[in-house]
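Engineer: Predicted model and sequence below, questions to follow.
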Amino acid sequence: MASTRNNGSVRDRPGVANSPHSIMASLFNLTGQHVLITGATRGIGQACALALAQAGASVCLVVRPGYNPSQIATLNALRALDTQPSGPQHSFVECDMADLKQLRTVVDRALPLLDNNIHILVNCAGIQRRAPAVDFSEDDWDDVITTNLKAVFLLSRAAGKHMVPLRRGKIINFGSLMNFQGGVTVPAYAAAKGGVGQLTKALSNEWAQHNVQVNAICPGYIATDMNEWLLSDPVRLRQISERIPAGRWGKPEDFAGPVIFLASQSSAYVTGELLVVDGGWMGR
């Protein structure tokens, strides 16, 4: 009778290409991949940009025109990760996310900086405006819808024109708990994020057959600049904190794993999904 004991098969030997370690490493390896990412100079977007670079990708930041210390700091942090002259090359392209004319040219301007290849698009830029619905201005509505929804469509459409003919690509959008809840005094934000969720599914339905996966990450309550208003209100802070099963607010670093998963080959059969990262809030 053949022994069932492990006799050191080829795939079990250290250094063999098909070892479990090498298989897992290849699933999450982004070496040679080129990323275009918005909203990456602070908070969640910055954490995602650094994680993608650490996984081996070349990252191009979409930044506001003009000098901004946080933009320089982020780019320097990315370049500090490079230990080899031939390693990933990180860059930036300027764009005012509220300017539709600039938005329509971002992908074309970024392509030469990314060796004429965009493998991954991450739409993370977003703004917030708060006011009771009866007082919510049309200007605020237009600003939020443009930056949080129309920009996602314009950039995804341009990236899709590049990715679909090549039959490969990843688009990662950022939704919110507002994909599932209406929120309070944030009608434009809720509408935009709801739209991002449906846009994610619509693009996935068209492009999955071309091996382009379109997914979204939906953060819960995260300790970032956008939530300063909630963090500074003792009553709302206590109410929200008590409802989070994980017992804490999220941190930007909590998104490193999810974005690598959706950007890498480990999610090759995952598309049209809204991945909730909320410490258990939606399961409560």
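Structural biologist: Yep, it's here.

Engineer: From Ile244, how far out is Asn29?
Structural biologist: Asn29 sits 33 Å away from Ile244, going by CB to CB, to the nearest Å. C-beta coordinates here come from the backbone N, C-alpha and C atoms, glycine included.

Engineer: List phi and psi for Leu61.
Structural biologist: Here is the backbone geometry of Leu61 (degrees, to the nearest 10): phi -90, psi 140.

Engineer: so how many other residues sit close to it?
Structural biologist: Neighbours of Leu61 under the rule other CB atoms under 10 Å: 25.

Engineer: Does it touch Thr74 like I think?
Structural biologist: Yes. Using CB atoms under 8 Å, Leu61 is in contact with Thr74, at 6.5 Å.

Engineer: Grab the longest strand from this structure for me.
Structural biologist: Longest strand in the chain, counting residues (DSSP state E): strand 212-219.

Engineer: Quick check: neighbours of that one in the sheet, parallel or antiparallel?
Structural biologist: Sheet pairing of strand 212-219 (DSSP bridges) gives strand 169-174 (parallel), strand 274-277 (parallel).

Engineer: Please identify the most buried of these.
Structural biologist: strand 169-174 (a mean of 26; mean count of other CB atoms under 10 Å).

Engineer: Rounded mean pLDDT for that strand, please.
Structural biologist: Averaged over strand 169-174, pLDDT sits at 98.

Engineer: Beyond that strand, next helix or strand please.
Structural biologist: Downstream of strand 169-174, the next assigned helix or strand under DSSP states H and E is helix 187-207.

Engineer: And that following helix, what's buried?
Structural biologist: Neighbour-count burial for helix 187-207 flags 187-197, 199-200, 203-204, 207 (criterion: 16 or more other CB atoms under 10 Å).

Engineer: Most widely separated two among these?
Structural biologist: With CB to CB as the measure, no two of the buried residues of helix 187-207 lie farther apart than Pro187 and Trp207, at 30.1 Å.

Engineer: Could you tell me how far Gln54 is located from Asn205?
Structural biologist: Gln54 is 32 Å from Asn205, by CB to CB.

Engineer: who wins for proximity to Ser156 among the strands paired with strand 212-219?
Structural biologist: The minimum distance between Ser156 and these falls on strand 169-174, with 5.5 Å, by CB to CB.

Engineer: Apart from its neighbours in sequence, what residue is nearest Gly43?
Structural biologist: Spatial nearest neighbour of Gly43, excluding adjacent residues (CB to CB, 6 or more residues apart in numbering): Thr224 at 3.9 Å.
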